[in-house]
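In: the following block contains a protein sequence and its predicted model.
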Amino acid sequence: MANMQMIVGADPERLETWIKYRSGLCRDCQATCCGLPVEVRIADLVRLGVVDDFEAQEPPKQIAKRLSKAGIVGHFNQKHGIFTLQRTASGDCLYLDQKSRRCSVYANRPDTCRNHPQVGPRPGYCAYRPQGLRR
């Protein structure tokens, strides 16, 4: 009898439960990666349309303050110039459609999302959880 391994679903907090990424895996995932903190830079914020080219020349701390008040940025690391997008009460990215579990800004998504899972907490692996599996 072959040793078969059943995928139950990863725990995003435990990297050892993440599985090796393969093409097509996202099709039936519940978008677990969209529950991870999303770090962005000014160029991402411009692409998302929440900062224009003119404002992008302003001090990042000032931009962070405005976007924090608007509920778009949850944290700003001034030393590295990295913003972290706000998350919903459920912990998901604010741009994740709660009903469809699809990105509402996919064409303009941040580089962090574009490059996942090649970059991230465990490069080449993802926190795959099949649709229908309870959190």
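Out: That came through fine.
In: list the buried residues for the helix ranked longest in the chain?
Out: Counting by DSSP state H, the longest helix found in the chain is helix 60-69. Within helix 60-69, the residues that count as buried by 16 or more other C-beta atoms under 10 Å are Pro60, Ile63, Ala64, Leu67. In short, each C-beta sits where N, CA and C put it, glycine included.
In: what does stretch 32-41 give?
Out: Burial within stretch 32-41, assessed by neighbour count using 16+ other C-beta under 10 Å, is assigned to Thr32, Cys33, Cys34, Gly35, Leu36, Val38, Glu39, Val40, Arg41.
In: got CSV for the residues you listed, with secondary structure, distance to Glu13 and pLDDT too?
Out: Below are the buried residues of stretch 32-41 laid out as CSV (DSSP: H, G, I helix; E, B strand; the rest coil; distance: C-beta to C-beta, whole Å; pLDDT from 0 to 100):
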residue, secondary structure, distance to Glu13, pLDDT
Thr32, helix, 11, 90
Cys33, helix, 13, 91
Cys34, helix, 15, 93
Gly35, helix, 10, 91
Leu36, coil, 10, 92
Val38, coil, 16, 95
Glu39, strand, 17, 96
Val40, strand, 22, 98
Arg41, coil, 25, 97
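In: that's all I had, so thanks and see you.
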